[in-house]
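K.L.:
Got a predicted model here, sequence first, then my questions.
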Amino acid sequence: MISLYVLRIFFILICTATGYSLGGRNPYFLAGISFGISAIIVIFEMFGRKVSLKGLSSVVFGVILGLILAKIFSEALKLFAIPANINHMARTFVTFIFVYLGVTLGLKGRSEFNLVIPYVKFKKQEIKEEEVVIDTSSIIDGRIIDIVKTGFLEARFIVPRFVLNELHALADSTDHMKRQKGKRGIEILHSLKKEPNIEVEIFDEEMPGVRSVDEKLVRLAQDLDAAILTTDYNLNRIAQLQGTKVLNINDLVNALKPTFIAGERFSIKLIKEGKEQNQAIGYLEDGTMVVVENAKRYIGKVVNIEVTSVLQSPSGRIVFTKMV
C-alpha cells in the first residue's frame, strides 16, 4: 500500500508540473501558484481528519442556510432605490453575515438550531467517536474482545503498521511460546473487525526519527489526539508522563474486583507458602492474592480467615488476613 506521504508528494508534484505546462510565456509563475495551492490542499487534508462528519455536515447546512437567507435579503433590497455600488457592497456584507450566523447556529447544536428550523435536529457536536490506539500487549492479552462485547467501549481502534509487524514477527518466531502469542494476536484482530460496536483501522504511516515501539505509540496517540489501550506497565507510565490518555485493561480489572474491609470473613483454599515465615497464600476466583498469617501448616486445606488489611500494588490487589 502506498504511503500517504508519498501520495501527498506525488499530488503536489503533479499539480506543479501541470501549472508549469500551462504557464505559457511565464511557466514558473503559474507553477509556483500551483505548488502553493496544492500544498494548502494537502495541509487542509492532514488536519481535516480531526473534523467529525457530523460537524462537517452541520457547517455545510449552515452555509447553505446562510446563502438562502442572504439571497432573500438581497432581493428585498431591490425594492428600495439604492445606488448600484452601495447595493453591491451591502449584498456582499449581508452574505458574509448570514453565512457566519448559519455556521455558528449549526455548530451550536440541537436546541439553538431548532429556533431557526423547528423540524431539523442535530446531535451535539461535542459527542464524537473516540479514537484508541491499541498496542501489541493488549491485542495478545485477548480480554479486549470481552470488553467490546459488553458494549462499554465503543471506539475507533487504530492498529499501527509497526504493531502488525511485531505480531507477524512473533507468529513467525522459532520460539513456540512467542509463535503462539503472535497467532493469538492475529486471531484477536480478526475477531475485533467483526464486532459491530467498533471500527478497526490499520494506520500505515511511520513515525520518522522514532525507534522504540513504545515511543512510536505515544507519538501517534498525540498526533491523533487519541488514547492508548495497553496492558504494558512501562508503556502506561511513559504515556502518562507525556500527558497521553491511557486505557489500561489491568486497571479496569482491578477496579472491578470486590472490595474488602477489615474484619470481613470468608473461606479460602491455601495453595502455597508465602514469602514471610509461616505465611500461606490462596487465590480468589478473580485472581486476587490472599496472604494468610501463621497458616503454613494448613496448605492444601480450606480455612476460615479474617481480613486485616488490603494493599493495592501495580501488579494487582493483595489481601492480608489472619486465621479465625
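P.N.:
Thanks, I have it.
K.L.:
Kindly list the longest strand within the chain.
P.N.:
When the chain is parsed with DSSP state E, its longest strand is strand 302-313.
K.L.:
same question for that one, mean pLDDT?
P.N.:
For strand 302-313, the mean pLDDT works out to 88.
K.L.:
Go ahead and name everything in contact with it.
P.N.:
Under the criterion Cβ atoms under 8 Å, 6 or more residues apart in numbering, residues 254, 260-270, 290, 292-293, 295, 317-324 lie in contact with strand 302-313. All C-beta spots, glycine's among them, are computed from the backbone N, C-alpha and C.
K.L.:
and if you look at stretch 256-272?
P.N.:
280-284, 286, 288, 290, 292, 295, 298-310, 317, 319, 324.
K.L.:
Any stretches of the stretch 1-150 of the chain with poor pLDDT?
P.N.:
1-4, 47-58, 106-129 (pLDDT under 70).
K.L.:
Tell me which residue is most central in the protein.
P.N.:
residue 131 (2.0 Å; Cα atoms, centre = their mean).
K.L.:
Now residue 5: closest residue in space, sequence neighbours ignored.
P.N.:
residue 205 (6.8 Å; Cβ to Cβ, 6 or more residues apart in numbering).
K.L.:
how close does that neighbour sit to residue 220?
P.N.:
If you measure residue 205 against residue 220 using Cβ to Cβ, to the nearest Å, the figure is 8 Å.
K.L.:
Count the neighbours of the residue nearest to residue 5 for me.
P.N.:
Counted with other Cβ atoms under 10 Å, residues neighbouring residue 205 total 13.
K.L.:
show me what contacts the residue nearest to the centre of the chain?
P.N.:
155, 156, 158, 224, 225, 226, 227.
K.L.:
quick revisit: just the buried ones among the contacts of stretch 256-272, please.
P.N.:
280-282, 288, 290, 292, 295, 298-299, 303, 305, 307-308, 310, 317, 319 (16 or more other Cβ atoms under 10 Å).
K.L.:
How many residues are close by residue 161?
P.N.:
Quick note: residue 161 (other Cβ under 10 Å) scores 15 neighbours.
K.L.:
go on, residue 182?
P.N.:
22.
K.L.:
in a helix, that's where it is, yeah?
P.N.:
Yes: Residue 182: assigned to a helix according to DSSP: H, G, I helix; E, B strand; the rest coil.
K.L.:
What separation is there between it and residue 188?
P.N.:
When residue 182 is compared with residue 188 (using Cβ to Cβ), they lie 11 Å apart.
K.L.:
quick one: pLDDT of residue 201?
P.N.:
88.
K.L.:
and after the helix or strand hosting it, which helix or strand comes next?
P.N.:
Under the criterion of DSSP states H and E, residue 201 resides in strand 199-203. Downstream of strand 199-203, the first helix or strand assigned by DSSP H and E is helix 213-224.
K.L.:
helices or strands up against the next helix or strand after that next one?
P.N.:
Under the assignment DSSP H and E, the closest C-terminal helix or strand after helix 213-224 is strand 227-230. For strand 227-230, the packing partners by 3 or more Cβ pairs under 8 Å, 6 or more residues apart in numbering; DSSP states H and E come out as strand 131-134, helix 136-141, helix 213-224, helix 233-241, strand 246-248.
K.L.:
Let me have those in CSV, adding distance to residue 34 as columns.
P.N.:
Shown next, in CSV, are the helices and strands packed on strand 227-230 (distance: least, Cβ to Cβ, whole Å):
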stretch, distance to residue 34
strand 131-134, 34
helix 136-141, 43
helix 213-224, 28
helix 233-241, 42
strand 246-248, 44
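K.L.:
Run through the helices of the protein in chain order.
P.N.:
With helices called from DSSP state H, the chain shows them at 4-21, 27-48, 53-77, 84-108, 110-114, 136-141, 143-150, 161-171, 176-193, 213-224, 233-241, 249-256.
K.L.:
re earlier: please identify every residue contacting each of residue 182 and residue 188.
P.N.:
residue 140.
K.L.:
now, of the helices of the chain, which is deepest in the fold?
P.N.:
helix 136-141 (a mean of 24; mean count of other Cβ atoms under 10 Å).
K.L.:
what about dumping the CA coordinates of that one to CSV?
P.N.:
The C-alpha trace of helix 136-141 is given here as CSV (Å, rounded to 0.1, in the frame of the first residue of the first chain):
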residue,chain,number,x,y,z
THR,A,136,0.7,-5.5,21.0
SER,A,137,0.2,-6.4,24.6
SER,A,138,-3.5,-5.5,24.7
ILE,A,139,-4.1,-7.5,21.5
ILE,A,140,-2.3,-10.6,22.7
ASP,A,141,-4.0,-10.3,26.1
